[in-house]
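In: prediction below, plus the sequence it came from.
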Amino acid sequence: MSQKFQVSGMSCNHCVTAVQNAVQAVDPKAQVTVDLETGHVDVLSTQPRQDLALAIENAGYRVD
């Protein structure tokens, strides 16, 4: 299932990697695409949305 998140607080490629790693810690098979300029994060995963959002927030970013 494709899920879209608006994430704030990302400013560099390290942030992109941190968000990708956070999502993949919840679902190692997840496909994560991050658009740093817009803050859009697209995730292809079967995990619940709230679990993915919590992982991103625990990595230090805000999910709007």
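Out: Received it, and whenever you're ready, just let me know what you need.
In: only C-alpha atoms for contact and neighbour calcs from this point on.
Out: Noted.
In: where do the strands sit along this protein?
Out: Using DSSP state E, the strands of the chain run over 2-8, 31-35, 40-44, 62-63.
In: report the distance from the first one to the chain centre.
Out: Relative to its parent chain, strand 2-8 has a centroid offset of 7 Å by CA atoms, centre = their mean, to the nearest Å.
In: name the residues of it that are buried.
Out: By neighbour count on 16 or more other CA atoms under 10 Å, the buried set for strand 2-8 is 5, 7-8.
In: output the strands of the chain in a markdown table; the columns should cover distance to A18 and mean pLDDT.
Out: Formatted as a markdown table, the strands of the chain follow (distance: least, CA to CA, whole Å; pLDDT from 0 to 100):
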| stretch | distance to A18 | mean pLDDT |
| --- | --- | --- |
| strand 2-8 | 12 | 97 |
| strand 31-35 | 11 | 98 |
| strand 40-44 | 12 | 98 |
| strand 62-63 | 13 | 98 |
